[in-house]
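Sequence and predicted structure are below.
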Amino acid sequence: MVNNTEEEIICPTSVDAVLPTRDFILFFKDQLYWSLDANLDSVVQGASVHTFWYGLPPSFTKIDAVYRRLAGDTPTIIFFSGKNYVEFTSNQRSDIVRPIVDFCLPTSVEKVDAVFVWGRNRKTYIIVGDMYWKFDELISRTNCNAISGYPRSVQRIWRGVPLPVDSAFTSFDDHTYFFRGENYWKFNNRKMRVVENSQSPGKISKLLQCKDKDTNSQISDGTTTTDPGNAACQQCSLTTGLLVIYILYTVTS
């Protein structure tokens, strides 16, 4: 199912943040998001971030990073924007706006570039420029000295990853993917280096299966519509509604 709305007209050539849930991968650009299912089939294209996560502060006009926190009884989603972050349970904000120094970052950090839970050890990694920090959800929240030796060089440990990074996440296939500009790179978590093959780097626009501007008015049966506010947008509303229900289930389970 693919939404057919006016916001599909401009296909993102880069992404600001990526959020993997149990059954979906969500891609954020400015105030919109796109989603793929576990088979990398498109589910939603160009839906409003603030419509779904309606507790996001108005000041969060750009999502710098987002990740799914698995510590505790109920998983939560954390959005970063500038020097602040907010935490959500399902699509409802569960806390006030907090400073990113809560993640043991120095006060000099103006924003984070990427935050992800690495599949090899389930620890949270935070990338800022060419450096990264490791954050333990169980102990670092009360003791920032619990993990020593950080920050460390991204290039020294994550070999082949391009800088600066726009986003990163560990996917269903147990590889980590790093995004920069129009491209993304597949990273082998065991060999600790970028996979070098004909498909890496890949194009973000191809991954998101975006429609070109010339064909954007086409709906799924190949016909065109002159009124995107009618049937196409009814399908859009239905798809987004179903996605809301299903993501609420996958995030909290």
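That came through fine. Numbers count the residues shown, from 1 in each chain.

Check the gap between Trp133 and Val97 for me.
Distance, Trp133 to Val97, by Cβ to Cβ, to the nearest Å: 21 Å. C-beta: built from backbone N, CA, C; applies to glycine.

neighbour-wise, which of the two wins?
Counted by other Cβ atoms under 10 Å, Trp133 and Val97 do not tie: Trp133 has more neighbours, with 22 against 15.

Name whatever forms a beta bridge with that one.
Ile126 (DSSP bridges).

Contact partners for it?
Neighbour list for Trp133: Phe103, Cys104, Leu105, Tyr125, Ile126, Tyr150, Pro151, Arg152 [criterion: Cβ atoms under 8 Å, 6 or more residues apart in numbering].

which residues touch the nearest residue to Ser42 once chain neighbours are set aside?
Nearest residue to Ser42, sequence neighbours excluded (Cβ to Cβ, 6 or more residues apart in numbering): Gln209, at 4.4 Å. Applying Cβ under 8 Å, 6+ apart, we find Gln209 in contact with Val2, Leu36, Asp41, Ser42, Gln45.

Make JSON lines from those and add pLDDT, neighbour count and distance to Phe24 to it.
Shown next, in JSON lines, are those (pLDDT from 0 to 100; neighbours: other Cβ atoms under 10 Å; distance: Cβ to Cβ, whole Å):
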{"residue": "Val2", "pLDDT": "47", "neighbour count": "19", "distance to Phe24": "14"}
{"residue": "Leu36", "pLDDT": "91", "neighbour count": "19", "distance to Phe24": "7"}
{"residue": "Asp41", "pLDDT": "86", "neighbour count": "11", "distance to Phe24": "10"}
{"residue": "Ser42", "pLDDT": "83", "neighbour count": "17", "distance to Phe24": "11"}
{"residue": "Gln45", "pLDDT": "83", "neighbour count": "27", "distance to Phe24": "13"}
